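K.L.:
Got a predicted structure here, sequence first:
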Amino acid sequence: MGAGAPGASAASPTPSAPGVTPSTPGVPAASPVPGVPAVPAVPAAACGTLEDPGPLLCPTCSAPLTDGTHLGASDASDRQDGGDRLLAALRASESRFRAAFCDAVIGMALIDPEDRIIEVNPAFAALIGRSVGELVRTHLHEIIDPEGMPHRLFTELVHGERERFRVEKQLKHRAGHTVWSKVTISLIRDGAGRPLYTLALVEDITEQRRLGDRLEYQALHDPLTRLPNRTYFFERLDAACLPSVAEPVGGRSPGTTGTHDHPEAAAGRERRVGVCYLDLDGFAAINETLGHHIGDQLLIAVAARLRRGLSGHGARLVARMGGDEFAVLVPDSRGSEQLTALAGRILDVLERPFDIAGHRLAITASVGVVERSVHETTPADLVKDADATLYWSKADGRARWTLYDPARGAHQLTRQLLATALRPALERGEFTVEYQPLVGLADGAVHGAEALVRWRHPRYGTISPDRFIPLAEESGAIVPLGTWVLEESCRQAKQWLTEFPDTETFVSVNLAARQIWDSDVVADVARVLERTGLPARLLQLEITESALLGPGGRPLQALQALADMGVRIAIDDFGTGYSNLAYLSRLPVHVLKLDGTFIEGFRDPAPADRQPVPELHSRRSDADEQIVGAMVQLAHTLGLTVTAEGIESAAQAERLRMTGCDTAQGWYFARPGEAERVAAILREGRPAPHGR
């Protein structure tokens, strides 16, 4: 500062301009106006003195106000003019700072290294319900909660390693509530670049937070029942499936009942998680009959009852998954017994009828229960298995709970895999057709052969029809599969006709009910017959009683059209469906195929060979024989022929022949096999003996 300059002494202070309080370099000046913050003094070293001002610097940008050379002692007038310009610049800078600081709409505060407020503007004071005067020298932690402050960033800031950082914090309002704010902390340095104090800019974001909280609530909760929704359920489930979690998942939240059940006790054992997945039985009927507004009120009532009924039973989350499906999550479960007890509690809670808009509605629920270790599952697998178990409950009779069974799940998985692979397997040529001869009981000749489809699966080997045909009917794959079997069988029958024209061996193909409903079966059959060249009289289509007598008249119309084409129609498994004999005279039917259960009694010895005292199975055999005889006689009266299935011995064949049965098939004559086996029998002119 030039201690030896004329007229200056070491103890004499630097003269101050009017309206500017003398200050020590690096220390902010006190405010000349009460209640109005003072501008931080510009360090003397940066501006010089009036006696020896040195280079005059702009207080805004620190650029030299002159060319940088010192003025001579003889030019005192110029020196005085330079001092006046400097003071004017300082006053202008202070005025601009005062306007920006005091009139700013966001809160501003200057803070010393001890975290005490040096100056604060009215916007900051109003934000927390205090006056400017009482905030000066107040410790910052009395206003801003220090919990959660980024200490590393703050340390870097005060040591000059960082210029600023931003954080969202809660301020303590005088009235007792908290004010959410966005706080930007910036470092203020002195003329030498050393950290001097910090400047806090505080913006009120309380309304933004409230709006965000409302949007978050709406995103995570069902608007109808106010329960947590599917998204929130999966968030909590994901957290519950983390092996390292030792605290209650998510704490208490809307839709969570009770408190966490001794997390310290769970720390010493393997963590487990459980889910109860429930669906209201018959809810769709309520919507259809009473209207969706009644259904919505019922869902609200069910949600309220579940929330109340499951309260006080641990940290359980009750959520609406969509429609009439709800789920209960049990983090840190204690085993399957706890989950099944909870499922029973759910059924009890819903047992009492609901009074909705003048309607007394009694409903039940089906519940699927899954409980396992978090180490052996994933959230997706847990919900998938719970959903599958829910539908097991419905299939088992509804109004019950069902615990997940791994064996049943594996079987269900196999079914699903097979159902999914049906259509691709048909395209890859994995299906084959085997043929079982239909033998005349009177002459022993082969009259025809039934076509039986087989699936040669590359992984599971040969799959029997009883495993994949129901899946094909459920999925609709039976339509393309049935059409393929029909064409393959007709092509093979045409080859038999070409090789053995005198036999006119027919082929019998099973026709699924869905083929009639989901396709134009009449057109399909006509197209196949034309493509293969097989006469219609050598094709027999088998259909079950239940499919034939289903609702509507379409099956009868289709069968009549097929019969008019010359195709033979057979009723398969006769006696196991409606068994209405009155309709036989009015249907376009040519053949009755008796179900194998009627043939079981024919395995016993003939009546003359029995003991004098008949046993129970003997009496049943007599009854079966009389029933078969009556059905054969009735069929012949109506002009129908009768075929028996499942013949395993010569005695059975002979006794059936005596009843008047026309044709038969079974292992006694031949097992199902390749078409060449039927051709070999036709060459011999008789059936293969004893199941060859």
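P.N.:
That came through fine.

K.L.:
what pLDDT does Asn440 get?
P.N.:
Actually, residue 440 is Gly rather than Asn. Model confidence at Gly440, expressed as pLDDT, equals 94.

K.L.:
go on, Arg164?
P.N.:
Looking at Arg164, its pLDDT reads 82.

K.L.:
Same question for the helix or strand hosting Thr414: list its buried residues.
P.N.:
Element membership for Thr414, per DSSP states H and E: helix 406-428. If you call a residue buried by 16 or more other Cβ atoms under 10 Å, then helix 406-428 has these buried ones: Gly409, Gln412, Leu418, Ala419, Ala421, Leu422, Ala425, Leu426. Every C-beta, even on glycine, is put in place using the N, C-alpha and C of the backbone.

K.L.:
Name the surrounding residues that touch that helix.
P.N.:
385, 388, 392, 431, 455, 457, 460, 463, 467-468, 471-472, 474-475, 477, 480-481, 484 (Cβ atoms under 8 Å, 6 or more residues apart in numbering).

K.L.:
again, only this time at 10 Å
P.N.:
Residues outside helix 406-428 that contact it (Cβ atoms under 10 Å, 6 or more residues apart in numbering) are 370, 372, 384-385, 388-389, 391-392, 402, 405, 430-431, 455-460, 463, 467-468, 470-472, 474-478, 480-481, 483-484.

K.L.:
Please name the bridge partners of the closest residue to Leu227 other than its chain neighbours.
P.N.:
Among residues not flanking Leu227 along the chain, Arg320 sits closest, at 4.6 Å (Cβ to Cβ, 6 or more residues apart in numbering). Beta-bridge pairing of Arg320 under DSSP bridges involves Phe326.

K.L.:
Show the subsequent helix or strand relative to the helix holding Thr414.
P.N.:
Counting by DSSP H and E, the element after helix 406-428 in chain order, helix or strand, is strand 431-440.

K.L.:
what's that following strand packed up against?
P.N.:
Counting contacts by 3 or more Cβ pairs under 10 Å, 6 or more residues apart in numbering; DSSP states H and E, strand 431-440 packs against strand 446-457, strand 461-463, helix 478-499, strand 506-510, strand 641-644, strand 663-664, helix 675-684.

K.L.:
let's see 8 Å
P.N.:
strand 446-457, helix 478-499, strand 663-664, helix 675-684 (3 or more Cβ pairs under 8 Å, 6 or more residues apart in numbering; DSSP states H and E).

K.L.:
Distance of Thr643 relative to Arg372?
P.N.:
Distance, Thr643 to Arg372, by Cβ to Cβ, to the nearest Å: 52 Å.

K.L.:
Check the protein for its longest helix and report it.
P.N.:
helix 76-103 (DSSP state H).

K.L.:
buried residues in it?
P.N.:
Buried residues in helix 76-103 (16+ other Cβ under 10 Å): Arg79, Gly82, Gly83, Leu86, Leu87, Ala89, Leu90, Arg91, Glu94, Arg98, Phe101.

K.L.:
just to revisit the earlier point, what about the residue nearest to Leu227, how many neighbours?
P.N.:
Look at Arg320: counted by other Cβ atoms under 10 Å, it has 25 neighbours.

K.L.:
Equivalent analysis for Ala399, please.
P.N.:
Neighbour count for Ala399, taken as other Cβ under 10 Å: 17.

K.L.:
any idea how far Glu207 is from the closest residue to it other than its chain neighbours?
P.N.:
Nearest non-adjacent residue to Ala399, counting by Cβ to Cβ, 6+ apart: Thr364, 3.7 Å away. Distance of Thr364 to Glu207, given as Cβ to Cβ: 47 Å.

K.L.:
Give me the more crowded residue out of the two.
P.N.:
Legend: neighbour count by other Cβ under 10 Å for Thr364 and Glu207, higher for Thr364 (14 against 9).

K.L.:
ok but Val183 is inside a strand, no?
P.N.:
Yes: judged by DSSP: H, G, I helix; E, B strand; the rest coil, Val183 forms part of a strand.

K.L.:
Tell me who's in contact with it.
P.N.:
Contacts of Val183 (Cβ under 8 Å, 6+ apart): Ile144, Arg166, Val167, Glu168, Lys169, Ala200, Leu201, Val202, Glu203.

K.L.:
For the third one, give the beta-bridge partners.
P.N.:
The partner list for Val167 in beta bridges (DSSP bridges) reads Val183.

K.L.:
Now do it, the pLDDT please.
P.N.:
pLDDT, Val167: 83.

K.L.:
Count the neighbours of Ser585 for me.
P.N.:
For Ser585, using other Cβ under 10 Å, the count is 12.

K.L.:
Which residue, other than its chain neighbours, is closest to it?
P.N.:
Among residues not flanking Ser585 along the chain, Leu638 sits closest, at 5.6 Å (Cβ to Cβ, 6+ apart).

K.L.:
does the residue nearest to Ala399 really touch Val349, like I thought?
P.N.:
No: Thr364 is beyond contact range of Val349, at 11.4 Å (criterion: Cβ atoms under 8 Å).

K.L.:
Which positions within stretch 101-110 qualify as buried?
P.N.:
Phe101, Gly107, Met108, Ala109, Leu110.

K.L.:
Okay, and which of those residues map to helices?
P.N.:
Phe101.

K.L.:
Nearest to Glu625 among the buried residues of stretch 101-110?
P.N.:
Distance to Glu625, by Cβ to Cβ, is smallest for Gly107 among the buried residues of stretch 101-110, at 102.8 Å.
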